[in-house]
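Trainee: Dropping a prediction and its sequence here:
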Amino acid sequence: MDPEIFQKHLKKLYQINKGKVVITNEVVQFSQNHSEPLHSVQKELIEYTNTKFENNSYMLTDCNQNQFFTLLLKVLNAKKVIDVGVYTGLSSLSFALALPEDGKVIGLDICKDYEECCHHYWKKANVDHKIELVIDNAKNSLQNLIDNGESGTFDFIFIDADKYSYDCYYELSLKLIRKGGIIAFDNVLFFGATTIDQNSTKPEHQIFFGCPPFQSMVDSLILLNEKIAKDERVYKTMLPLSDGITLVTKK
Ligand SMILES: C[S@@+](CC[C@H](N)C(=O)[O-])C[C@H]1O[C@@H](n2cnc3c(N)ncnc32)[C@H](O)[C@@H]1O
């Protein structure tokens with residue numbers, strides 16, 4: 001191989017989008033196909049949620065995320081996990097599948113509507129015994145864990161419930177996570193809304209404005225993103241994976 005030709009070629013490639021791959025849906029699918037395959041029950045639950053709860057199935061975590069968390073839990077050698085925002089049970093299922101036989105997921109959700117669905121699929125995947133579903137406001141549930149002396153004992157905490165309360169979940173989770181454990185926040189990019197100038201008049205940005213409930217979630221997430229970026233208590237990284245995931249670990 002002629003190194004000069006190779007260098008010239010690389011330079012040309014680098015000039016296109018600074019050498020970075022544009023993340024299209026096809027690229028997302030490609031990376032999904034080249035990651036740890038999903039368990040058949042994870043696939044069934046996704047299918048069921050998309051058909052049965054069509055109106056709010058956008059709440060499901062996506063495949064890439066679940067594949068990523070599976071690997072993360074293995075690396076962390078995780079045994080104790082908290083899932084804040086369970087919905088139809090996919091994230092809790094993924095965590096339970098990645099944990100050893102004596103591992104435990106505490107799933108927190110305020111809504112009872114999906115309880116039956118959760119247990120059905122968790123049983124089907126033989127992990128129901130590893131998951132404890134607590135129906136209450138997650139703020140109370142996290143505080144109860146602290147009051148029960150479980151501070152500093154969790155390996156991984158996933159925050160994916162109401163966006164207004166992320167900051168409160170963050171502070172409580174910092175108490176519950178062990179040193180070296182990871183707290184992950186979902187939706188920190190929120191369809192890209194948190195990344196744009198909130199005074200933007202660009203026509204392509206106007207879709208993000210004009211819906212007060214959406215805007216107040218965006219405002220909460222913007223404040224949280226700024227807080228974590230400056231927070232000296234943690235090491236952090238924000239990944240442009242799915243709808244944006246921030247990972248933090250205590251210093
Ligand atoms: C985005 S969904 C979670 C998706 C889930 N992690 C998955 O993998 O599919 C958010 C969930 O948070 C729950 N939630 C909303 N507010 C909550 C609160 N204050 N406390 C606990 N759960 C809450 C909702 O009921 C909903 O099921």
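Mentor: Perfect, thanks for sending it.
Trainee: quick one: average pLDDT of the biggest helix by length in the chain?
Mentor: In the chain, with assignment by DSSP state H, the single longest helix is helix 212-230. On average, the pLDDT along helix 212-230 is 96.
Trainee: Kindly report the same for stretch 110-123.
Mentor: What stretch 110-123 shows for mean pLDDT is 98.
Trainee: Return the distance of that stretch from the chain's centre.
Mentor: 19 Å (C-alpha atoms, centre = their mean, to the nearest Å).
Trainee: got it, and stretch 141-148?
Mentor: Distance of stretch 141-148 from its chain centroid, counting by C-alpha atoms, centre = their mean, is 22 Å.
Trainee: Can you list the buried residues in that stretch?
Mentor: Ser141, Leu142, Leu145 (16 or more other C-beta atoms under 10 Å). Bear in mind the C-beta positions are built from the backbone N, C-alpha and C, glycine included.
Trainee: Please name the nearest non-neighbouring residue to the most centrally placed residue in the chain.
Mentor: The centroid of the chain falls nearest to Asp186 when counting by C-alpha atoms, centre = their mean (3.7 Å). Take Asp186 and drop its neighbours on the chain: the residue closest to it by C-beta to C-beta, 6 or more residues apart in numbering is Asp160, 4.1 Å away.
Trainee: need the contact list for the one you found.
Mentor: Thr61, Asp83, Val84, Gly85, Ser91, Phe185, Asp186, Asn187 (C-beta atoms under 8 Å, 6 or more residues apart in numbering).
Trainee: Neighbour-wise, give me the winner out of those residues.
Mentor: Asp83 (30 neighbours; other C-beta atoms under 10 Å).
Trainee: would that one count as being in a strand?
Mentor: Yes. Using DSSP: H, G, I helix; E, B strand; the rest coil, the secondary structure at Asp83 is a strand.
Trainee: Which pLDDT value goes with Val22?
Mentor: pLDDT, Val22: 87.
Trainee: what's the neighbour count on it?
Mentor: 8.
Trainee: Specify the local secondary structure of it.
Mentor: Assigned with three-state DSSP, Val22 falls in the coil class.
Trainee: what's the distance between it and the ligand?
Mentor: Distance, Val22 to the ligand, using C-beta to the nearest ligand atom, to the nearest Å: 27 Å.
Trainee: Would you state the strands of this protein in chain order?
Mentor: Ranges of strands in the chain, per DSSP state E, are 80-84, 104-109, 131-135, 154-159, 177-186, 234-239, 245-250.
Trainee: now what about the first one, what contacts it?
Mentor: In other words, strand 80-84. So strand 80-84 is contacted by 73, 91-92, 95, 99, 103-108, 138, 142, 145, 153-161, 169, 173, 176 (C-beta under 8 Å, 6+ apart).
Trainee: Tell me, how many residues neighbour Asp162?
Mentor: Asp162 has 16 neighbours, counted by other C-beta under 10 Å.
Trainee: Also the one 10 residues further on?
Mentor: The local packing count at Leu172 equals 23, with neighbours defined by other C-beta under 10 Å.
Trainee: if you skip the residues just before and after it, what's nearest to it?
Mentor: Leu142 (4.0 Å).
Trainee: Buried subset of the contacts of strand 80-84, written for PyMOL?
Mentor: Typed into PyMOL, the line below selects the buried ones among the contacts of strand 80-84, using 16+ other C-beta under 10 Å:
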select buried, resi 73+91+92+95+99+103+104+105+106+107+108+138+142+145+154+155+156+157+158+159+160+161+169+173+176
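Trainee: same for the ligand: which of the contacts of strand 80-84 are within range?
Mentor: Ser91, Leu108, Ala138, Asp160, Ala161 (C-beta under 6 Å from any ligand atom).
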